[in-house]
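Student: this one's sequence-less:
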C-alpha cells in the first residue's frame, strides 16, 4: 500500500496545534509570530523524527517563492565560470537560496529551452551569461518582473541589470604592458562574435597599438571551432602567415590553452620565443613554463555584487527599480611570458 504523504495538516493534528503555526515555525518565523520556544522545539523535533520533506512546488505556488536561483553560463567547465559559481553558491546558501547551474553553450535554442523550463519551475531569479540572440527572451523576463542579471556581456539596446568588468580598459592595459616591454608586433586572437565583452577587448588592444603607430593583426576564430582541433590549425596558420610577430594576446583563456596545446605538439619553441598575455586567468597559467601573464577578473567581488544585487531585486519585487550597470576593475597579473629578457629575440619569423 502506498504510504500517505505527510502534510502540514497531519503534523498539526499530531501535535494538537494549527497548520498555520507549523508553517510559521518551518519557515523560520516563530520568533516573529511570537510562538513559544517550547512549541517551536516540539514541532522541529517531530518533523525531524518523521523526516518530513515539504512539497517545494506547492510551496512556491502558495508563497510565490521557491528560494531557487539559476546561474546560466556559456560553459560551466570553464575555470572562470566554475570558480565564480562556487562563490555564488556559498553566498546564496547563507541567504537561504539554492542555485541551479547550467551551460547554454552560447546556443540560443538551448538558452531558451532552459529558461522556459526553469520559469515553469517557479525559480526566483536568473543570473545569465547570454547567448547572442537572447535579447527578446531577457526582455520578456524583465517585463514579467522576474529578477534577472546579465553577467560578462550584455545587449546595448536592452535595459537590464548588468555586472561586467572594464574589458576595454583591461585589454588596453595588457597591450600597453607588452608594448612597454619591447613587443611591437602583437597578434590578437579572439572569437568571431559580436559579444560586447569580446568587442571591448579588441577595441582596447587596437587603441593601445594606435597610440604607438603599430599595426593590428587579428585572428577571428569561429565560436563553433574554439574548443575543437580546428582552432589549433587556425592559430598555427595565422602565425605562419604573419611575417612579423613577437607577442600574442588571447581574448579568452580557452583559446590560450588551445594555442599552448598546438605549440607543444608542433612548435614547442614558440612558447619561449613569443611574448604572451591572456584574458581570464587559469590555475595552470601560474605553473606553466613560462608562467603566463593574465588579466584576472575579480571573482569574489563579482560574486558578491551579483548576489547583493539579486537579493535587492528579490526583496523589491513590488517596486519599480531602474536597472543597474555595475562595472568592476580587472587586474593584470604579470608573469614571465610577457617580460622581455632580450629585445633582440623579437620579430621572430618562421
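Tutor: That came through, no problem. Computed from a predicted model, the values in this text were never measured in an experiment. Residues are numbered from 1 along each chain as shown.
Student: Name all residues that make contact with the spatially closest residue to residue 226 that is not a sequence neighbour.
Tutor: Leaving out its chain neighbours, the residue that sits closest to residue 226 by CB to CB, 6 or more residues apart in numbering is residue 191, at 5.8 Å. To be clear about C-beta, it is placed using only N, CA and C from the backbone, and glycine gets the same treatment. Contacts for residue 191 (CB atoms under 8 Å, 6 or more residues apart in numbering) come out as 198, 220, 221, 222, 223, 226, 251, 252, 255.
Student: Helices of the protein, start to end?
Tutor: For the chain, applying DSSP state H gives helices covering 8-15, 19-26, 37-49, 56-63, 79-94, 108-120, 135-143, 167-180, 196-211, 229-241, 253-266, 270-273, 299-314.
Student: Of all those, which one comes closest to residue 71?
Tutor: For those, proximity to residue 71 was assessed by CB to CB; helix 79-94 is nearest, at 5.8 Å.
Student: what's the spacing between the closest one and its chain's center?
Tutor: A distance of 9 Å separates the centroid of the chain from that of helix 79-94, by CA atoms, centre = their mean, to the nearest Å.
Student: which residues touch that helix?
Tutor: With contact meaning CB under 8 Å, 6+ apart, helix 79-94 is reached by 69, 71, 73-76, 98-99, 101, 127, 129, 253, 280-283, 297, 299-300, 302-304, 306-307.
Student: go with 6 Å
Tutor: Helix 79-94 is touched from outside by 69, 71, 73, 76, 99, 101, 280, 282, 299, 303, 307, with contacts defined as CB atoms under 6 Å, 6 or more residues apart in numbering.
Student: Show me the shaky parts of the stretch 251-350 of the chain.
Tutor: Within the stretch 251-350 of the chain, the stretches with pLDDT under 70 are 341-350.
Student: Number of residues surrounding residue 30?
Tutor: Residue 30 has 19 neighbouring residues, counting by other CB atoms under 10 Å.
Student: per the record, what domains does the protein have?
Tutor: For the chain, the structural domains run 8-54, 63-165+298-329, 167-297+333-345, going by automatic domain parsing.
Student: Average pLDDT for the shortest one, rounded please.
Tutor: Domain 8-54 shows an average pLDDT of 83 in the prediction.
Student: how distant is that domain from the center of its chain?
Tutor: 39 Å.
Student: And for the longest one?
Tutor: On the basis of CA atoms, centre = their mean, domain 167-297+333-345 sits 21 Å off its chain's mean C-alpha point.
Student: Residue 8 and residue 46: what is the separation?
Tutor: Distance, residue 8 to residue 46, by CB to CB, to the nearest Å: 12 Å.
Student: meant to ask about residue 101
Tutor: Distance, residue 101 to residue 46, by CB to CB: 34 Å.
Student: Give the burial count for residue 22, as a bare number.
Tutor: Number of residues near residue 22 (other CB under 10 Å) recorded here: 25.
Student: residues in contact with it?
Tutor: The contact partners of residue 22, taken as CB under 6 Å, 6+ apart, are 8, 11, 12, 43.
Student: didn't the third one look like it was pressed against residue 21?
Tutor: Spelled out, it's residue 12. No - in this structure, residue 12 is not within contact of residue 21 by CB atoms under 6 Å, at 7.0 Å.
Student: Buried residues, stretch 131-147. List them.
Tutor: By 16 or more other CB atoms under 10 Å, the buried positions in stretch 131-147 come out as 131, 134, 135, 137, 138, 139, 141, 142, 146, 147.
Student: Residue 42 versus the third one, what's the distance?
Tutor: So the one you mean is residue 135. Distance, residue 135 to residue 42, using CB to CB: 53 Å.
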